[in-house]
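Engineer: Below are the sequence and a predicted model for it; my questions follow.
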Amino acid sequence: MSYSSDRKLLTVLIFKDLFKLQRKLPFNYEKAEKEQKKRLKALVESAYEIPFYKERFESAGVTPDDINEVKDLAKLPLLTKDELREFMKNEDEKGGYEFWYHDRTSGSTGNPLMLLFSPKEKAYNMANWFRVMLLCGYNPFFGKTMSPVSTHSQSGSQKTVVQKFGILKREFLDNSRSEEEIIEHINTYKPGFLYTNKSTLMKIALYAKSNGIEINKPKWFCPTGEKVDDNARKVLCEAFGNNLVDSYGTTETGAVLTKFGDMEEYITNEDLFAVNIYDDDGNLADEGRIVITPLYCTDLPIINYVIGDRVKSKKVNGHTVITEIEGRLNDYFKHSDGSITTYFEMNKFLGEFDEVLQFRFIQKSYDLVHVQCVKNKDKDTDIKDIEKILSDELNKKFKEKMNLEFEWMESIPPEANGKLRVIVCEV
């Protein structure tokens, strides 16, 4: 079948792919691992035929026969965002991708990345997202979904033919509208599944709280694009209900990890992804950088992709389970002696500090941090007392003493890319 035909039949391919994926919890991990190994083998064999990857295999002294399970991917070089950007750019310049999807990342690192997905790969990507909805008990085919208008995905802002028949009903949310307009849109449409970037959800949740406005609570809601810290979780669940879907992934990979409601660990969609964790010395570890390989991307593979986030994991019945996800590697406090303080180290305290609803820390120098805060108006604690508590407690976490200057706001605006990092290090 040609790429042109595949693209016209995208919805059919999505349904076909979804049928192959596990859609109930708990996963049959033995079955998932078997499928994972099968896909991994097909992926490396396909990649070896592509000059870019063949060179990487040969430079590492590796052939497809040496890659039989996920941990074997550590034999190959890691793939950086800049390398992926150059690979995709060079492929696009060769031509022949007329019927492929040309998607773009949001540019959270300052430079958007163009991605080429064949219709077959795009179908798996979308089927995997529908699988996430089904896993939490929501039926995307007959329910009502509300999602943002996407400016970087060619399939993320289009209504399909099947929607005319009441299938895969979706309404688009314009994040650029005012808080009041967005809330009115949600309350009028009453979506069963609401997903948009975390900054938008936080903005309207804080606005609703301050103005005594009730937001229609969907069956499930999913903040996307950013880590959901404990403070944000409290604010969001108060506004939208407790059924929060915490889904982790990127435009490049799709949804890799997911947890629902009060689950303590993330589910890894192992039938479609290979996930490894590397420590700072480049060795496989239980804590460190997460490295992802989408196993369904066999036309233009993305192998050993370094996302830039840190995670923690543990073993459960011999199986690796992700327990925590930290922000980008540059989202930590730097100290003059070369040491760092990460969000992991202060997360518990901040998550239990109810006087503040939202934080952003901007490190200006080795001894100065500008702290943006949104006060919880349900609490009577004086602002000066809050500032003293925060200064004292956070300096117990920092490796070196820091001065904190505070800025109190109604809500913290996202950055230009629409995201909001909890820690911004300018040192």
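Structural biologist: Received it, and whenever you're ready, just let me know what you need. Treat the numbers as computed from the prediction; the structure is a model and nothing was measured.

Engineer: Would you indicate which residues of stretch 258-269 are buried?
Structural biologist: Within stretch 258-269, the residues scored as buried using 16 or more other C-beta atoms under 10 Å are T258, K259, F260, Y266, I267, T268, N269. Using the backbone N, CA and C atoms, a C-beta is placed for each residue, glycine as well.

Engineer: Likewise for stretch 42-54?
Structural biologist: Buried positions in stretch 42-54, judged by neighbour count with 16+ other C-beta under 10 Å: L43, V44, S46, A47, Y48, I50, F52, Y53.

Engineer: and it, average pLDDT?
Structural biologist: Stretch 42-54 shows a mean pLDDT of 97.

Engineer: which residues are contacting it?
Structural biologist: Identification of contacts with stretch 42-54 by C-beta atoms under 8 Å, 6 or more residues apart in numbering yields 57, 63-64, 67, 87, 90, 293, 295, 297-301, 303.

Engineer: So for that stretch, first residue to last residue, what's the gap.
Structural biologist: Terminal residues of stretch 42-54 lie 15 Å apart, using C-alpha to C-alpha, to the nearest Å.

Engineer: In helices, which of the contacts of stretch 42-54 appear?
Structural biologist: F57, F87, N90 (DSSP state H).

Engineer: By neighbour count, which of these wins?
Structural biologist: Among those, F57 has the most neighbours (other C-beta atoms under 10 Å), with 21 neighbours.

Engineer: Verify the stated contact: it with L73.
Structural biologist: No - using C-beta atoms under 8 Å as the test, F57 is too far from L73 to be in contact (11.4 Å).

Engineer: Who does S147 form a beta bridge with?
Structural biologist: Applying DSSP bridges to S147 yields these beta-bridge partners: F172.

Engineer: Counting neighbours, what do you get for it?
Structural biologist: Neighbours of S147 using other C-beta under 10 Å come to 19.

Engineer: same deal with E352?
Structural biologist: The burial count for E352: 10, using other C-beta under 10 Å.

Engineer: go on, T293?
Structural biologist: Neighbour tally, T293, other C-beta under 10 Å: 26.

Engineer: show me the contacts for it.
Structural biologist: Contacts for T293 (C-beta under 8 Å, 6+ apart) come out as L40, L43, L73, F273, A274, V275, P301, I302, I303, N304, Y305.

Engineer: okay, those in JSON lines with distance to K217 next?
Structural biologist: Output for the contacts of T293, formatted as JSON lines (distance: C-beta to C-beta, whole Å):
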{"residue": "L40", "distance to K217": "41"}
{"residue": "L43", "distance to K217": "41"}
{"residue": "L73", "distance to K217": "41"}
{"residue": "F273", "distance to K217": "31"}
{"residue": "A274", "distance to K217": "36"}
{"residue": "V275", "distance to K217": "32"}
{"residue": "P301", "distance to K217": "41"}
{"residue": "I302", "distance to K217": "37"}
{"residue": "I303", "distance to K217": "41"}
{"residue": "N304", "distance to K217": "40"}
{"residue": "Y305", "distance to K217": "36"}
